[in-house]
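# model the following, please.
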Amino acid sequence: MSAARTGASATSRRRRHGLGALVVILVAVGVVWWGMPRLGLIDPADTESAPGTPVRPPSAAGPVPVERVVDGDTIIVLRDGAEERVRLLGIDTPESVKPDSPVECFGPEASARTAELLTGRSVWLESDPTQDSVDQYGRTLAYAWLDESTLVNLLLVAEGYAYEYTYGVPGVHQVALASAQDDASAAGLGLWGTC
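The predicted model follows:
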């Protein structure tokens, strides 16, 4: 009888340990999920949208008018009465106006598409806490939004006018940008079908 009791006791302990491990895992998942918005890993306002679909955060500054487009990934906006040069975060377009550099394949097309999207328009600028606020050339680093759901940076990648570009640490929209690049490349869109 004591052998049976010992076997039942061991089984009971295993069940308690298994249940305890399950509780620990569920608590850990809950803590991580609860903490993700607070760490900037997900935007709480984005929970109703489709997975991977960015939504303009309330912290985006704007609207600010676009004064002109320099090239595919650089624009000049008018903020507080002064011109501000903005480098679009998370992307890179082929060169079209860089001094002492040749015009790259699809550079003029990328510049033209950015001009088509932004000329005469206003944008909201989203900074990225994982990135510097200004680059080595003094340009503001930001994502540009046309409205609540149109992220210019993402649109340029999705249409094949830009590459996803990670400098050091992945930015807040890196996953969406990389996915859009994979889709554009697979479909041979823009520079993927030309260069």
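# for the rest of this, base every contact and every neighbour count on C-alpha atoms.
Noted.
# which residues in this structure form strands?
According to DSSP state E, the chain carries its strands in the segments 61-71, 74-79, 82-88, 91-92, 122-126, 140-145, 163-164.
# turn these into CSV, including distance to residue 154 and mean neighbour count.
Shown next, in CSV, are those (distance: least, C-alpha to C-alpha, whole Å; neighbours: other C-alpha atoms under 10 Å):
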stretch, distance to residue 154, mean neighbour count
strand 61-71, 16, 19
strand 74-79, 14, 20
strand 82-88, 10, 19
strand 91-92, 8, 22
strand 122-126, 13, 22
strand 140-145, 9, 24
strand 163-164, 9, 24
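# adding distance to residue 190 and mean pLDDT, write these out as TSV.
Shown next, in TSV, are those (distance: least, C-alpha to C-alpha, whole Å; pLDDT from 0 to 100):
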stretch	distance to residue 190	mean pLDDT
strand 61-71	16	97
strand 74-79	19	97
strand 82-88	19	97
strand 91-92	14	96
strand 122-126	24	98
strand 140-145	21	98
strand 163-164	11	96
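# and residue 179, which of those strands is closest to it?
Closest approach to residue 179 among the strands of the chain is made by strand 163-164 (9.0 Å; C-alpha to C-alpha).
# which one of the strands of the chain lies closest to residue 114?
Closest to residue 114 of the strands of the chain, according to C-alpha to C-alpha: strand 61-71, at 7.0 Å.
# by contact count, what packs against the closest one?
The contact analysis (3 or more C-alpha pairs under 8 Å, 6 or more residues apart in numbering; DSSP states H and E) places strand 61-71 against strand 74-79, helix 107-118, strand 122-126.
# domains in the protein, as residue ranges please.
Domains of the chain are assigned by automatic domain parsing as 2-40, 61-194.
# ok, which of these comes nearest residue 53?
Proximity to residue 53 (C-alpha to C-alpha) singles out domain 61-194 among the domains of the chain, at 7.2 Å.
# all helices for the chain, in order.
Applying DSSP state H to the chain gives helices spanning 2-38, 107-118, 152-158, 174-187, 191-194.
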